[in-house]
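# no FASTA, just this:
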């Protein structure tokens, strides 16, 4: 879950609540779902939160949420924007793997140290979350004063261009560097370049942004040093590139809201694609229709309509209501609201007409600000109402529906078999299903190609956690041998058993993995013999009214001549025998071990 | 009167007029002293015998003491050698005398220090002088320590001067131990009983088939055991502590009307993630969090469901629903993984794939293994048990959810549950559940819950509400029983001793 560092002093300033003590702030933040995890060296709160409200990835966003919570702000706020002066021209040469770009100009920010830190943090946190480690969206913030735009033929007077560049087709000085390098050299020689190289690896042309002077940004890897933002930077140019227009537009909206809170003036930018033109940032609101009944049934309360509107406003939303029939046109208009706003830019329209369901049921037309990336469905609005109401104020009640409980057949069978084993004196074990081939095969003197229990193609983990856990076990006896190996200092006899998952690759199965439950037992003591294992196996077979036969067989893990198939009701389901001395010595055991393993289904 | 054999023999050997020690009587009767002592106390209980106890000192020679008793004390041997060499006239060099007295090693120092102490002579500039005219006390032939050694060897230590005994003990020549000496006399009642006649009751050590069938058991007394002594350690078989905990949970849930689910551990990401409305580029869907298996993709996914789920991801559900702005391919959906949660089972059941279409109301649960690519540490394992449960009904509210979980956790002593609003891709509203630790009172996370989103339920064909929750069984175990390192119980590194001795779940 994301963690954001927030200076409590800045939080007091931005919320206008100087009187709040640290403890009070922590409580207020917890109520928002921001959990206090500790403090940085500089005394900043480290707040952990669930990754839905990404607009809270900066102190500005957290302060905004607190102001709504305190009731200082109500309803939707959309920053004013000035008309575009700058254009981003998108060239045909842009790599098709990263086709989208968006941007904004923010003037008059006069970044001080705190503001700069906060901006950098927001940028990093957005990269880590929505930006999917810059793969889906990458942010570049530049000092506008350092950009030189020629007069283009687009809507703006000045322009920069987003295009593709050959890996060694140009040079620039990247951040944290003093030398001119080509993009390819940056990937090889610069720390940040090496880190993000996988994102552009294999591309014919790399993404690049140019102004009149030349290459100044190599997204998603690194910006150029020339346009670096520093303390005191007055005006900013923000560009974002990515694989999805909606994602970078939303990231851009979140950054614009944060800078607006610091007194910046947002100025639009024209994005000129070869086939279309967008005005950005997209700060348009969206709307959802939520029925009063859904709110009441979900929260389990009776609530007045005006109270719902009040709660919505306290959540930073706006709502219009109607419980009277309205013209059908409005309902149609509602359906026309596009869910995907790639091209159409609707003006921040706050006067959506009151709406009613054709049935005359009370519904709310809820307006949602652009920084809310988490609202996908009316239920997300219901959740906002619940949070503003206070979920912990709701009285729990046991649901008034009657059902009949019961256990699954397999689970009951497994339990009965386990009871039988425990009754025979076995210590019931619980081992990991994941293990490695050495434990399953080599250390058991077995080869996966043998015709024997446990010898089969194991389901292999593609990117294992460690060498110890690379496959799902094909049989259970190796796990028991490992437990014996790790407990040679404990008192004997050690009679151990386990019932658990075994699996192997099987292309006949729907999942291509055959899964089964194995019943395995070992008897380890100074005089353990085949007969000890057989006696116990007989007792289990009797308990389940299964007819047991043990015709002789061979298994590499057992002593030849002291090994038998386990045949239950005519079906061969496992193996029983005295464990081979080679296997015992391999497991550092100094006592004989007799054991068996068979498929639990044999007891059905 | 019928009494056990030993008691009868003891009564016969004891006297009303002469006090006899237990040791004497044991020797007389040819019985073990412990058996006689026990019989004496039993007879005292019945009033037939009086038992008197006093503490006696027992004195033994040590090996060194025994050697000196035979060879003579070193200082006396030095004295004799000195007399033989004429030291009573002229000083004799010490070296000469040591050889003549046969003193070796530490005996030399012992001889010299005690020689002077007992006033047997003087040692001056390495020469020994014996002045026979000095002091009448010095009589090497009547040395009290030598006499004491002889007396102790003869068992007559009792008459020796305590000061001499202390001295010998300091010299390490004797050992003194205290023992309780018990002596018995016949009481008046005992005499009367003897006059009336006492017979031996037969005692036997074991109940035998013969004894039972012959009816002889009516005539016999059973040898008594020391019922307080520890018996041999026996390790009965025991169900694994985590299985016991799982069964406890299952019992609670069955009692609350829940049916158990079963299903594959290795499953398509479709069931594990896509049905749960987890976007395919969600950070938790990388190999850092889940275990992919190197097997061919799963082909047999229901086509219409596949389409419905893809549509939910791309465009959302409902009139003004929105989808994710994330890539979605069936290739990813068909990839087979070890399940990261048992919610894959819930999806299979809710879709009708597992047991056919379900009509509300329903309650289902599972307590099964899940696999996460997490860091192994005392509280995290790569595989652990997840408790998963859901309730399907018309119009479920958050209050129903709270009521169900409050009820469930109360069964485990966890009360005062707090519901912290939370975010999951698959539920809305969602809550993290916090409860007070039954012992420490600390507020701890005990589960995650919520009402399934329409984007989850609608593709599955469910048009009523479903609320669900999950938590790690291991977490409940650690809470209930205070385990600190989960690796001690789960996995091949487990300690058998711990499993054998752990308290059972009850």
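Nice, I can see it. Bear in mind that the values here come from a model prediction, so they are computed numbers and not experimental data.
# Could I get the full set of strands for the stretch 351-500 of chain A?
A:363-368, A:427-428, A:434-435, A:471-472, A:494-505 (DSSP state E, counting those that start in this stretch).
# residues in contact with the fourth one?
Residues outside strand A:471-472 that contact it (C-beta atoms under 8 Å, 6 or more residues apart in numbering or on different chains): A:433-437, A:440, A:458-461, A:501-504, A:513, B:265-266, B:293, B:338. All C-beta atoms are positioned from the backbone trio N, CA, C, and that covers glycine.
# Tell me the buried residues within these.
Listed as buried from the contacts of strand A:471-472 are A:433-436, A:440, A:458-461, A:501-504, A:513, B:265-266, B:293, B:338; burial here means 16 or more other C-beta atoms under 10 Å in any protein chain shown.
# Counting neighbours, what do you get for whichever residue of chain A sits closest to chain B?
Using C-beta to the nearest C-beta, residue A:300 is the residue of chain A that sits closest to chain B, at 3.0 Å. The tally of other residues near residue A:300 (other C-beta atoms under 10 Å in any protein chain shown) stands at 20.
# Name the nearest residue to it, ignoring sequence neighbours.
residue B:397 (3.0 Å; C-beta to C-beta, 6 or more residues apart in numbering or on different chains).
# What values do phi and psi take at that neighbour?
Main-chain dihedrals, residue B:397, degrees, to the nearest 10: phi -110, psi 170.
# For it, give me the pLDDT.
With respect to pLDDT, residue B:397 has a value of 96.
# same check, this time on residue B:167
87.
# which element is the nearest residue to it once chain neighbours are set aside on?
Of all residues not flanking residue B:167 in the chain, residue B:145 sits nearest, at 6.7 Å (C-beta to C-beta, 6+ apart). Following DSSP states H and E, the helix or strand that holds residue B:145 is helix B:144-153.
# One more: residue B:364?
strand B:362-371.
# Compute the inter-axis angle for that strand and strand A:494-505.
Here the directions of strand B:362-371 and strand A:494-505 differ by 100 degrees (axes from the mean of the first three to the mean of the last three C-alpha atoms, to 10 degrees).
# Name the strands paired with the helix or strand following strand B:362-371 and say parallel or antiparallel.
Next in sequence after strand B:362-371, counting helices and strands by DSSP H and E, comes strand B:383-393. Partners of strand B:383-393 in the sheet, by DSSP bridges, are strand B:362-371 (antiparallel), strand B:465-472 (antiparallel).
# and the first one, how far from the chain's centre?
Meaning strand B:362-371. Relative to the centre of its chain, strand B:362-371 is centred 34 Å away, using C-alpha atoms, centre = their mean, to the nearest Å.
# swap in the last one?
In terms of C-alpha atoms, centre = their mean, the gap separating the centre of strand B:465-472 from the centre of its chain is 38 Å.
# And for stretch B:85-95?
70 Å.
# What residues sit buried inside that stretch?
For stretch B:85-95, by 16+ other C-beta under 10 Å, it's B:85, B:87, B:91, B:92, B:94.
# tell me the mean pLDDT for that stretch?
So the average pLDDT for stretch B:85-95 ends up being 80.
# Burial check on residue B:35, number of neighbours?
The burial count for residue B:35: 17, using other C-beta under 10 Å.
# which ones are touching it?
B:6, B:26.
# residues from the stretch 401-506 of chain B in reach of chain A?
Counting by C-beta under 8 Å from any C-beta of the partner chain, the stretch 401-506 of chain B comes close to chain A at B:402-407, B:418-424, B:428-431, B:451, B:453-455, B:489-497, B:499-500.
# Quick one: buried ones out of the residues you listed?
B:402-406, B:419-424, B:428-431, B:451, B:453-455, B:489-492, B:494-496, B:499-500.
# Among those, which ones are in helices?
B:402, B:403, B:404, B:405, B:406, B:454, B:455, B:496, B:499, B:500 (DSSP state H).
# nearest spatial neighbour of residue A:403, skipping sequence neighbours?
What sits nearest to residue A:403 in space, not counting adjacent residues and going by C-beta to C-beta, 6+ apart, is residue B:257, at 4.1 Å.
# Please report how far that neighbour lies from residue B:393.
Distance of residue B:257 to residue B:393, computed by C-beta to C-beta, to the nearest Å: 11 Å.
# which element is residue 248 on?
Since no chain was named, I'll use chain A. helix A:245-261.
# my bad, the chain I had in mind was chain B
helix B:241-255.
# Quick check: buried residues in that helix?
B:241-250, B:252-254.
# Of these, which is the nearest to chain A?
Once C-beta to the nearest C-beta is applied, the member of the buried residues of helix B:241-255 that ends up nearest chain A is residue B:254, at 3.9 Å.
# per-residue pLDDT, that closest one?
pLDDT at residue B:254 comes out at 97.
# what do you get for residue B:476?
Note for residue B:476: predicted pLDDT of 82.
# Hmm, residue B:412 and it touching each other?
Yes - between residue B:476 and residue B:412 a contact is recorded at 6.5 Å, counting by C-beta atoms under 8 Å.
# Looking at those two now, which is surrounded by more residues?
Legend: neighbour count by other C-beta under 10 Å for residue B:476 and residue B:412, higher for residue B:476 (23 against 17).
# helix/strand/coil for that one?
Residue B:476 falls in the helix class when you classify it by DSSP: H, G, I helix; E, B strand; the rest coil.
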